[in-house]
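K.L.:
Have a look at this fold, sequence not included:
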Ligand SMILES: O=C(CO)[C@@H](O)[C@H](O)[C@H](O)[C@H](O)COP(=O)(O)O
Ligand SMILES: [Zn+2]
């Protein structure tokens with residue numbers, strides 16, 4: 001075990017304070033931008049609710065931190081979010097290491113999500129790709145396969161959107177350069193979508209969302 005004397009004598013209060021100050025400013029500008037896009041968030045939430053109401057499935061996919069977001073959001077829906085209610089059909093395509101390693105090894109990493117979408121996706125389902133850069137080829141490939149198979153396609157992305165908007169029926173771009181800030185905005189959007197799904201399906205206490 002490391003001796004306590006290895007720790008700095010004083011916590012770097014000024015640096016931490018500056019960091020928090022900068023993060024607050026960055027979050028303020030990101031959330032200001034999301035506020036501008038709230039109509040789009042509402043439209044996507046209503047569309048996802050309609051997909052689920054019709055007995056279809058949401059398929060989530062992304063890399064790294066976005067893979068974690070996919071699992072997080074699929075769990076909110078198939079497991080539990082804010083209310084006791086029936087489980088909803090949502091799955092993350094990022095979790096089965098046997099499928100991921102088989103497909104990457106035999107067909108290439110670009111195919112790891114596309115092949116699962118081809119195997120599992122049905123017309124009327126919704127494919128949700130998450131990529132902070134909008135440049136990840138495996139995410140773009142899966143969206144292309146989904147669209148060709150008659151799935152609705154939704155993207156969460158960042159920076160200038162990369163190629164994502166042209167692969168998606170509905171796409172939210174978080175116009176920030178820092179991957180961490182984009183991911184934080186994505187999980188905020190994801191939670192908002194979960195709340196709206198529960199509201200639209202009559203599964204939660206009222207929240208301000210019209211026209212479900
Ligand atoms: O979480 C982080 C960085 O915050 C990383 O794991 C990050 O998700 C990975 O580098 C991803 O491969 C980036 O892919 P993408 O978001 O550009 O599609
Ligand atoms: Zn991250």
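P.N.:
The structure has been received and is ready for your questions. Note that the structure is a prediction, hence the values are computed from the model and not measured. Ligands and ions are numbered 1, 2, ... in the order given.
K.L.:
can we go C-alpha only for contacts and neighbour counts from here?
P.N.:
Will do.
K.L.:
got the contact list for the residue nearest in space to the middle of the chain?
P.N.:
The chain has residue 130 as the residue nearest its centroid, 4.9 Å off, counting by CA atoms, centre = their mean. Listed by CA atoms under 8 Å, 6 or more residues apart in numbering, the contact set of residue 130 reads 60-63, 66-67, 70, 139, 155-157.
K.L.:
Am I right that residue 156 sits in a strand?
P.N.:
Yes: when DSSP: H, G, I helix; E, B strand; the rest coil is applied, residue 156 is found to be in a strand.
K.L.:
rewinding a little: cross-check the contacts of residue 130 against ligand 1 and keep the overlap.
P.N.:
63, 66 (CA under 6 Å from any ligand atom).
K.L.:
out of the contacts of residue 130, which are buried?
P.N.:
60-63, 66-67, 70, 139, 155-157 (16 or more other CA atoms under 10 Å).
K.L.:
Sitting in helices, which of the residues you listed do you find?
P.N.:
66-67, 70, 139 (DSSP state H).
K.L.:
what's in contact with the strand or helix carrying residue 72?
P.N.:
For residue 72, the host element (DSSP states H and E) is helix 65-78. Applying CA under 8 Å, 6+ apart, the set of residues contacting helix 65-78 from outside is 60-62, 87-92, 94-95, 130-132, 183, 186-187, 190-191, 194.
K.L.:
ok, now stretch 173-187?
P.N.:
Stretch 173-187 is touched from outside by 26-27, 30-31, 33-34, 65-66, 69, 132-133, 156-161, with contacts defined as CA under 8 Å, 6+ apart.
K.L.:
Quick check: buried residues in the longest helix along the chain?
P.N.:
Counting by DSSP H, the longest helix found in the chain is helix 13-36. Neighbour-count burial for helix 13-36 flags 27, 30, 34 (criterion: 16+ other CA under 10 Å).
K.L.:
Could you do stretch 112-123 as well?
P.N.:
Using 16+ other CA under 10 Å as the test for burial, stretch 112-123 gives 112-117, 121-122.
K.L.:
correct me, but residue 114 touches residue 141?
P.N.:
Yes: using CA atoms under 8 Å, residue 114 is in contact with residue 141, at 5.8 Å.
K.L.:
residue boundaries of the strands in the protein?
P.N.:
58-62, 90-92, 126-131, 152-158, 170-174 (DSSP state E).
K.L.:
Now do the second one, average pLDDT.
P.N.:
Confidence over strand 90-92, taken as the mean pLDDT, stands at 98.
K.L.:
ok now do residue 152, which residues does it touch?
P.N.:
124-127, 146, 169.
K.L.:
can you pick the most crowded of those?
P.N.:
residue 146 (29 neighbours; other CA atoms under 10 Å).
K.L.:
pretty sure it is touching residue 127, no?
P.N.:
Yes: using CA under 8 Å, residue 146 is in contact with residue 127, at 6.4 Å.
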